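Trainee: Dropping a prediction and its sequence here:
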Amino acid sequence: MAGKIKLYMFTGSAPSMTARLMLEHKRIDHERVHVMVGPHAFGMLGRGFDTMTVPALKIDGRRVQGTREISRALDELAPQPPLFPRDPQRRHTVEQAERSGEEFQDLVRRLVLCASRRDPSAFSSVYRHPNPLMRPVQRMSRAFVIRLASAGHRATDRAGQEDVAALPARLDQIDAWIEQGLLNGPELNAADFQFAPNLSLLMCVEDLAWLVEERPAARLARRLAPEFPGEIGAVLPPGWLAPLAEASSEAPSGPMGPDEVLRAIGYDEQRIATMLRQGTGAFGHHTHG
């Protein structure tokens, strides 16, 4: 099997990490081909793949793209250890969770792109090419790639705000599956590998890491994908985050002032003072220090 399997991927891609982790779980020898985020779209078509998608596998000439397709191809290639249970009902449940993991993947990707539009260095931090000679090229094309990826993945500000609002319910569902033994059990399955890299990437987002870090979901991330490359600073609009702070606050009910919202989210006092002095407008009006 050695030398016959190629994994096309790029650093910072949670789906690519999903594919890599599944290959390693099955102890399948493979060659990793690091493509550059952005230009990879044309490179994949040039290599004979049907779409621009990574991760992609070439298995003795057979081409497979997408994490869900790859998980099934790997179970055919190397049945042990399985990524799907043999019992039909339990397999169906794992497949449903895997599909939900793919949706969660899209959510996290949109949030990373929303953050990258505000701080392009975050994009470079996450998607840094392993070859230092390629990094200057990445920096020169970064602004264009961020715009292109944002359009392709519909990572609008409206979608980003909706994704932030949906995060607690999404994380509650992941925790419930862990409690039920569907995820993070003794025998890992395809859904585990779908969720873990995306949770790990989410914990790189300073604005949102606190939502995950004390949950059972974080233990799944640290078990399978303990170190995700990249750091994404506190750049998301406070107005997106305010509902999360309000929901998690133990303070008496009632409207929170902008300084209280920012403090509950986790901003330090110096940053709060700066933001209030400048006036963010995120709460529907300008504030003054």
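Mentor: Received, thanks. Numbers count the residues shown, from 1 in each chain.

Trainee: List the contacts of the most centrally placed residue in the chain.
Mentor: The residue lying closest to the centre of the chain (Cα atoms, centre = their mean) is N198, at 3.4 Å. Neighbour list for N198: A14, G101, F104, Q105, V108 [criterion: Cβ atoms under 8 Å, 6 or more residues apart in numbering]. Where C-beta positions appear, they are placed from N, C-alpha and C, glycine not excepted.

Trainee: quick check, nearest of these to A166?
Mentor: Set against A166, the nearest of the contacts of N198 by Cβ to Cβ is F104 (9.7 Å).

Trainee: quick one: contacts for the closest one?
Mentor: Here F104 is in contact with R170, I174, Q194, F195, N198 (Cβ under 8 Å, 6+ apart).

Trainee: State the distance from it to V145.
Mentor: Here the criterion is Cβ to Cβ, to the nearest Å. By it, F104 lies 23 Å from V145.

Trainee: ok, now N198?
Mentor: Here N198 is placed at a distance of 20 Å from V145 (Cβ to Cβ).

Trainee: coming back round to it: dump the contacts of F104 into a markdown table; add distance to V137 and pLDDT as well.
Mentor: As requested, the contacts of F104 are exported to a markdown table (distance: Cβ to Cβ, whole Å; pLDDT from 0 to 100):
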| residue | distance to V137 | pLDDT |
| --- | --- | --- |
| R170 | 35 | 96 |
| I174 | 37 | 97 |
| Q194 | 31 | 98 |
| F195 | 32 | 98 |
| N198 | 27 | 97 |
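
Trainee: farthest pair in those?
Mentor: Maximum pairwise distance in the contacts of F104, criterion Cβ to Cβ, is 12.9 Å, between R170 and Q194.

Trainee: The two: who's more crowded?
Mentor: Q194 (28 against 19; other Cβ atoms under 10 Å).

Trainee: is it true that the more buried one touches G66?
Mentor: No - the pair Q194 and G66 fails to qualify as a contact (Cβ atoms under 8 Å) at a distance of 11.1 Å.

Trainee: following the helix or strand hosting L7, which helix or strand comes up?
Mentor: Following DSSP states H and E, one finds L7 within strand 5-9. Moving toward the C-terminus from strand 5-9, the next helix or strand (DSSP H and E) is helix 14-25.

Trainee: What's the mean pLDDT across that following helix?
Mentor: The average pLDDT within helix 14-25 is 97.

Trainee: Report the buried residues of that helix.
Mentor: A14, P15, S16, M17, T18, A19, R20, L21, M22, L23, H25 (16 or more other Cβ atoms under 10 Å).
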